[in-house]
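>>> Please find the sequence and the predicted model below.
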Amino acid sequence: MAAMFSQNPLMNGPNYSFNDAPRTAAPEGARQHRFDPYTDNGGSTLAIAGADFAIMAGDTRLTSGYSINSRYHPKLFKIGGTTADQKDATIVLSVVGFAADGEALKERLDAICKMYRYRHGKPMSVKACAQRLSTILYQKRFFPYYVYAILGGLDEEGKGAVYSYDPVGSYEREQCRAGGAAASLIMPFLDNQVNFKNQYEPGSGVGHALQERERKPLTRSEGEILVKDAFDGAVERHIEVGDGLQMMVITKDGIEEVLLPLKKD
Amino acid sequence: MDHRPQAWGRPRDDVYGAYDHSYLQNSGPRQATQAPIVTGTSVIAIKYKNGVVMAADNLASYGSLARFPDVKRLRVFLDSSVIGFSGDVSDMQFLDRHLTELSIDEAYEDPSSDSKAGQLNAANLHKYLQKLLYKRRNDFDPLWNQLLIAGFDGDSKPYLASVDLRGTSFTSPSLATGFGSALAQPIMRRYAATEEDAAKLSREEAVEVIKECMKVLYYRDARSLDRYSIAVVTKEGVELKEDEQLEKQSWAFAEQIKGYGTQTV
């Protein structure tokens, strides 16, 4: 189980979610079959917060081992609308990892947000929802939901908010986050392109005199292009990512959903 | 001679020592299913214009032994859905009893048998089974099956979905369990790669594809049989044939096969 918390325990680089490493020799004839309650269904997610919007994205492939189980299995869910169609939802949850746990987590968070709306007569804020999601995850600390969750919405000031989680509920508000199989491929790209890491003002000097490029939030169209580029890159280099790109953009006017094709190979 | 009936048929204590009753006690750790014993191989299914076609062979294997050659692995639910079982046969029989109970309760709920509006449809049934199997995996007492569920959803559109022993569930225009996911799924995807493609297939074409896949599975899956069941789900109900024989087999290819795939000498 230790492997589920680290990105690359087996090989020095992005590895597959199933055990592809040579097994250590078992004692002669000793092969006991035990039920493993977890699998990894691959896929990747990504979220970027803007000045007055948040973009959530995920690919739609569902794998087990080398097989593609489904080419359309959404990882993005609108949370806490009044009805089942989630028409008036304001929060989006993305889950990647073990699909059955993801489904269970989504349904629990949605039920809790719906109860909140019913009791208080107003939708849950992202901040409150984010704290509650952390509590839900931590409640299963010793039989965790094997999912990397990201929650997106608009905060009380109308600014884009992205909260990212580990499987046991540690969480943090961030400008951007990639999760899942290709997280280690996408995250450095985001560091550079969203937070302008390792970018300096040309001609500003050498060594300590170097001036960092000024950080400013992306526009919506820049963000959407970045998301598509990130996934096109991930599809090229990771076998568990592909088929379709589902993208949800949260603005003050509601949630817009876009579905784009990705390579199916 | 020991005249007490409880000793009849038991090894003699004076010869073999006292009988060891320890295995019968019900204290100590509870033993849940640790591995499947008698198993059914692949189930395959494909959507078409007006419904879904599903097939599975009639064999229940005990390891590599073809133990029960007349076991029906497709089950009709409320004359509107079909469930295909692969994996452990005793768990299949447990689910079968459970579903019989459920369908009787459903029939009492809605005695007007000619209206299907209020009854559980395939989408509802799939959700129910997903919750059931996920609950059992959470209890570390899994039902060792992968199921395919075929029928219609709430909008009367053809519905096909899968759920496995961990509660992982997904849908696709064509689905296959076990060996079928490697051998049959690529063939079925040639005809129904997308929902749009599946919506163009005629019933005859869908049945033909399924029969072809069953033949390929019999050629290459050592735990398969040439007797199989095939079900066609339409809005009018379920047409289930449980004693079909594979037709037009040709083993001429067999003598060409050397080694694995690319080997020529």
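In hand now; what should we look at?
>>> Apart from its chain neighbours, what residue comes closest to A:Val249?
Nearest residue to A:Val249, sequence neighbours excluded (CB to CB, 6 or more residues apart in numbering or on different chains): A:Glu256, at 4.7 Å. Just so you know, the C-beta spots here come from the backbone N, C-alpha and C atoms, and that holds for glycine as well.
>>> B:Val38 too?
B:Val89 (4.3 Å).
>>> Show me the helices in the chain, by range?
Reading this off chain A. Using DSSP state H, the helices of chain A run over A:99-120, A:126-139, A:183-193, A:220-237.
>>> that's the other chain; I wanted chain B
B:13-16, B:89-109, B:122-138, B:180-183, B:185-191, B:195-198, B:203-220.
>>> Pretty sure the residue nearest to B:Val38 sits against B:Asn58.
No: using CB atoms under 8 Å, B:Val89 is not in contact with B:Asn58, being 11.5 Å away.
>>> Now for those two: what residues contact both?
Shared contacts of B:Val89 and B:Asn58 (CB atoms under 8 Å, 6 or more residues apart in numbering or on different chains): B:Val71.
>>> Please say which of the two ends up with more neighbours.
Per other CB atoms under 10 Å in any protein chain shown, whichever of B:Val89 and B:Asn58 has more neighbours is B:Val89, with 24 against 21.
>>> where does the stretch 101-250 of chain A have low pLDDT?
Along the stretch 101-250 of chain A, no part satisfies pLDDT under 70.
>>> Most proximal residue of it with respect to chain B?
A:Ala104 (6.5 Å; CB to the nearest CB).
>>> Can you tell me the closest non-neighbouring residue to that residue?
B:Tyr134 (6.5 Å).
>>> residues from the stretch 1-150 of chain B in reach of chain A?
Within the stretch 1-150 of chain B, the positions adjacent to chain A are B:32-35, B:130, B:134, B:137-138, B:140, B:142 by CB under 8 Å from any CB of the partner chain.
>>> is it true that B:Val52 touches B:Ile46?
Yes: contact status for B:Val52 versus B:Ile46: in contact at 7.1 Å, counting by CB under 8 Å.
>>> Which neighbours do the two have in common?
Common neighbours of B:Val52 and B:Ile46 (CB under 8 Å, 6+ apart) are B:Leu160.
>>> hey, what's A:Val92 bridged with?
Legend: beta-bridge partners of A:Val92 under DSSP bridges are A:Lys78, A:Gly152.
>>> So it sits against A:Val249, correct?
No: counting by CB under 8 Å, A:Val249 is not a contact partner of A:Val92; they are 9.3 Å apart.
>>> And B:Gln249, how far from A:Gly160?
To A:Gly160, B:Gln249 is 61 Å away according to CB to CB, to the nearest Å.
>>> Who has more neighbours out of these two?
More crowded of B:Gln249 and A:Gly160, by other CB under 10 Å: A:Gly160, with 27 against 11.
>>> Which residues are in contact with the more buried one?
Applying CB under 8 Å, 6+ apart to A:Gly160 gives the contacts A:48-54, A:152, A:154, A:217, A:250.
>>> what about burial for those residues, which qualify?
Those of those that meet the buried threshold are A:48-50, A:53-54, A:152, A:154, A:217, A:250, by 16 or more other CB atoms under 10 Å in any protein chain shown.
>>> Distance check, the closest residue to B:Lys248 other than its chain neighbours against A:Ile186.
Closest residue in space to B:Lys248, ignoring its immediate chain neighbours: B:Lys215 at 7.6 Å, by CB to CB, 6+ apart. Using CB to CB, we find B:Lys215 at a distance of 43 Å from A:Ile186.
>>> So which of the two has more stuff around it?
A:Ile186 (28 against 18).
>>> For burial, what's the neighbour tally of the spatially closest residue to the more buried one that is not a sequence neighbour?
Leaving out its chain neighbours, the residue that sits closest to A:Ile186 by CB to CB, 6+ apart is A:Ala178, at 3.7 Å. Other residues near A:Ala178 come to 27 when the count uses other CB under 10 Å.
>>> right, and A:Ala178 touches A:Met187 too?
Yes: counting by CB under 8 Å, A:Ala178 does reach A:Met187; the two are 4.5 Å apart.
>>> follow-up on the earlier one: can you pull the contacts of the residue nearest to A:Ile186?
Neighbours of A:Ala178 in contact, by CB under 8 Å, 6+ apart: A:44-46, A:185-187, A:190, A:230.
>>> Return a ChimeraX selection command for the buried portion of these.
This is the ChimeraX syntax for the buried subset of the contacts of A:Ala178, where burial follows 16+ other CB under 10 Å:
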select /A:44,45,46,185,186,187,190,230
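>>> what about stretch A:257-265, distance to the chain center?
17 Å (CA atoms, centre = their mean, to the nearest Å).
>>> The residue nearest to the spatial centre of chain B bridge partners, please.
Centroid-nearest residue in chain B: B:Phe85, 1.3 Å away (criterion: CA atoms, centre = their mean). Beta bridges link B:Phe85 to B:Leu147 when assigned by DSSP bridges.
>>> Tell me the most packed of the residues of the stretch 1-150 of chain B next to chain A, by neighbour count.
B:Pro142 (25 neighbours).
>>> my guess is that one meets B:Leu132, correct?
No: between B:Pro142 and B:Leu132 no contact is recorded; they are 10.7 Å apart, counting by CB under 8 Å.
>>> For A:Met56, give its distance to A:Lys106.
13 Å.
>>> Looking at those two, which is more packed in?
More crowded of A:Met56 and A:Lys106, by other CB under 10 Å: A:Met56, with 30 against 20.
>>> contacting residues around the more buried one?
So A:Met56 contacts A:45-47, A:76, A:92, A:94, A:150, A:152, A:247-250 (CB under 8 Å, 6+ apart).
>>> so which of those residues comes closest to A:Asp166?
A:Ile150 (11.1 Å; CB to CB).
>>> Would you agree A:Thr45 is in contact with A:Ser94?
Yes: shown here, A:Thr45 and A:Ser94 form a contact pair, counting by CB under 8 Å, at 4.3 Å.
>>> what residues does the stretch 101-250 of chain A put near chain B?
Within reach of chain B by CB under 8 Å from any CB, the stretch 101-250 of chain A has these residues: A:103-104, A:143.
>>> Where do the strands of the stretch 151-265 of chain B begin and end?
Here the stretch 151-265 of chain B has its strands, by DSSP state E, counting those that start in this stretch, at B:158-163, B:169-171, B:174-176, B:227-234, B:237-245.
>>> Make TSV out of those strands and add distance to chain A, mean neighbour count and mean pLDDT.
Below are these laid out as TSV (distance: least, CB to the nearest CB, whole Å; neighbours: other CB atoms under 10 Å in any protein chain shown; pLDDT from 0 to 100):
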stretch	distance to chain A	mean neighbour count	mean pLDDT
strand B:158-163	7	25	98
strand B:169-171	4	21	98
strand B:174-176	8	30	98
strand B:227-234	20	22	98
strand B:237-245	24	14	97
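>>> Could you dump those into CSV and include distance to A:Val126?
Converted to CSV, the strands of the stretch 151-265 of chain B look like this (distance: least, CB to CB, whole Å):
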stretch, distance to A:Val126
strand B:158-163, 32
strand B:169-171, 28
strand B:174-176, 37
strand B:227-234, 43
strand B:237-245, 47
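>>> Contacts only, for B:Cys75.
Quick fix: residue B:75 reads Arg, not Cys. B:82-85, B:96, B:99.
>>> how about 10 Å then?
B:81-85, B:92, B:95-96, B:99-100, B:147, B:229, B:231, B:238, B:240 (CB atoms under 10 Å, 6 or more residues apart in numbering or on different chains).
>>> now do A:Pro261
A:60, A:242-245.
>>> what do you get if the cut-off is 7 Å, keeping everything else the same?
A:Gly244 (CB atoms under 7 Å, 6 or more residues apart in numbering or on different chains).
>>> what's the answer for A:Gly242, then?
With contact set as CB under 7 Å, 6+ apart, A:Gly242 has these partners: A:59, A:61, A:235, A:262-264.
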